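Participant: Fold the following, please.
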Amino acid sequence: MQAIHYYFIRHGETVANATNKVQGWTDSPLTPLGKEQMQHLSHSLSRICFDIAFCSDLNRSITSSQILLSQQNKHIKATPLKEFRELYYGGLEGHDLQQAWPKSLSEEALFKAKQNIPQNQWIPQIIDTLSQRDPEGKAEDFMTFWDRLEEGMLKVYDDAIEYRLDHMTPVVNVAIVSHHTPIRSFLHEVLPEFNLASPLGYGHYGHVLYRNGSYTLLEWDQA
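Facilitator: Below you'll find the model as predicted:
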């Protein structure tokens, strides 16, 4: 049966992560722990033969993808896509994380659940509220963020279908190395059962099956 297996992978810990700074489109290198996290994951996922791979075009994601794919049996490199970047924080970039996120994404999800706000409004409200905290007014709003993320997923889907046809294979395994907010936001929007309050650790992945036009979550926060 024709299917695409997506492995959404969060990059390893960075210096900014370790010091609680907002990164967004700003970059910082992986910490030694972040490299270890990706090395561990590369061994864990060596059982999966990835057919194609993608990452955001930020260095922390590119470096993480290189470590991840180093244990693959066949030579494969991740294609960098700007569409998979982290949320852009504008004037909040480089500031203390709490300025952008007084509550974590998980805390925001739990709060909105208690307020009985419909789930399809959670991510738009969270990101639009966050963008309004930017004193320079440059941070991405929800529609800007979502449009680029959706465009990235359409590119990946097209490449996966092309790979399937070229290689005459019914199943395609795709690795996508990205960031915390894009991964959780996308899955929340396409998976009715997805628990937005459940975090995704550094160097952890979510495994999603795409078949017959629908997504199914098979694994979450695995390393």
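
Participant: In this protein, where's the longest helix?
Facilitator: Identified as the longest helix of the chain according to DSSP state H is helix 142-167.

Participant: So which elements touch that one?
Facilitator: On a contact count with 3 or more Cβ pairs under 8 Å, 6 or more residues apart in numbering; DSSP states H and E, helix 142-167 meets strand 3-10, strand 52-56, strand 79-81, helix 122-131, strand 171-178, helix 180-190. Where you see a C-beta, it was placed from the backbone N, CA and C, and this is true even at glycine.

Participant: quick one, that helix and helix 180-190 angle?
Facilitator: Interaxial angle, helix 142-167 versus helix 180-190 (axes from the mean of the first three to the mean of the last three Cα atoms, to 10 degrees): 80 degrees.

Participant: got the angle for helix 142-167 vs helix 122-131?
Facilitator: Here helix 142-167 runs at an angle of 130 degrees relative to helix 122-131 (the same axes, to 10 degrees).

Participant: What are the buried residues along helix 142-167?
Facilitator: Within helix 142-167, the residues that count as buried by 16 or more other Cβ atoms under 10 Å are 142, 145-146, 148-149, 152-153, 156, 159-160, 163-164.

Participant: Then stretch 60-80?
Facilitator: Buried residues in stretch 60-80, defined by neighbour count with 16+ other Cβ under 10 Å: 60-65, 67-69, 72, 78, 80.

Participant: Narrow these to those in strands?
Facilitator: Mapping the buried residues of stretch 60-80 onto strands (DSSP state E) picks out P80.

Participant: Nearest to V15, out of the buried residues of stretch 60-80: which one, please.
Facilitator: Using Cβ to Cβ, R60 comes nearest to V15 of the buried residues of stretch 60-80, at 9.4 Å.

Participant: Okay, the residue lying farthest from the centre of the chain and K74: tell me how far apart.
Facilitator: The outermost residue of the chain relative to its centre, with distances by Cα atoms, centre = their mean, is M168 at 28.5 Å. Per Cβ to Cβ, to the nearest Å, M168 is found 17 Å from K74.

Participant: And for A175?
Facilitator: The gap separating A175 from K74 is 13 Å, by Cβ to Cβ.

Participant: so how far is P32 from the residue nearest the centre of the chain?
Facilitator: The residue lying closest to the centre of the chain (Cα atoms, centre = their mean) is I183, at 3.0 Å. Distance of I183 to P32, given as Cβ to Cβ: 24 Å.

Participant: Please apply the same query to A16.
Facilitator: In this structure, A16 and P32 are 15 Å apart, going by Cβ to Cβ.

Participant: Neighbour count: those two, which is higher?
Facilitator: More neighbours surround A16 than the other of A16 and P32, with 20 against 9 (other Cβ atoms under 10 Å).

Participant: Mind checking what helix or strand follows the helix or strand that contains the more buried one in sequence?
Facilitator: Secondary structure assigned from DSSP states H and E places A16 in helix 15-18. The helix or strand immediately downstream of helix 15-18 is helix 32-44, counting by DSSP H and E.

Participant: which residues touch that following helix?
Facilitator: Contact with helix 32-44 is made by 9, 11-14, 17-18, 30, 60, 63-64, 67-71, 202-205, 222-223, as judged by Cβ atoms under 8 Å, 6 or more residues apart in numbering.

Participant: and if we set it to 10 Å?
Facilitator: Helix 32-44 is contacted by residues 7, 9-15, 17-18, 28-31, 60, 63-72, 177, 201-205, 222-223 when judged by Cβ atoms under 10 Å, 6 or more residues apart in numbering.
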